[in-house]
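**Q** Pasting a predicted model and its sequence here:
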Amino acid sequence: MFDIGFTELLLVGLVALVVLGPERLPGAVRTAGLWIGRIKRSFNSIKAEVEREIGADEIRRQLHNERILELEREMKAMKQDILGTGTGQPATEQRAEPSSDAAPSVQDKNPQP
């Protein structure tokens, strides 16, 4: 992460030994270790929370997309029902059109002079 080698750590340890002295150095290292642990736990919890939120957002997006697809399917089915017969009626309720065998219309009964 920080790309710190052994020589850098040794240098930091020597400087800390000179600045703090041999009496306070173990306590300072212990305190630094505790703080580093707390910081790591905080970052891990924040990371886990962000990942959960991202996962929840993805699930919400998938549900929204599924609803849109279902609505599109319903609209397509309704369109096919409407346009399927050409009469504006659903294909399941088609009217029987009069055939040539049917009775003549009113105009045929009254011939024009």
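**A** That came in fine, so what should we check first?
**Q** Listing request: residues of this protein with sub-threshold pLDDT.
**A** Counting by pLDDT under 70, the chain contains low-confidence residues at 1-2, 85-113.
**Q** which stretches of it form helices?
**A** Taking DSSP state H as the criterion, the chain contains helices spanning 6-85, 106-109.
**Q** ok, and which of those helices has the densest surroundings?
**A** Ranked by average neighbour count under the criterion mean count of other CB atoms under 10 Å, the helices of the chain are headed by helix 6-85 at a mean of 10. C-betas here are computed from N, CA, C, even on glycine.
**Q** now that one: how far from the chain's centre is it?
**A** Taking CA atoms, centre = their mean, to the nearest Å, the mean C-alpha location of helix 6-85 is offset from the chain mean by 17 Å.
**Q** packing partners for that helix?
**A** Applying 3 or more CB pairs under 8 Å, 6 or more residues apart in numbering; DSSP states H and E, we find helix 6-85 packed against no helix or strand.
**Q** where's Ile39 relative to Gln80, distance?
**A** Using CB to CB, to the nearest Å, we find Ile39 at a distance of 61 Å from Gln80.
**Q** Then Glu58?
**A** As it turns out, when the distance is counted by CB to CB, Glu58 lies 33 Å from Gln80.
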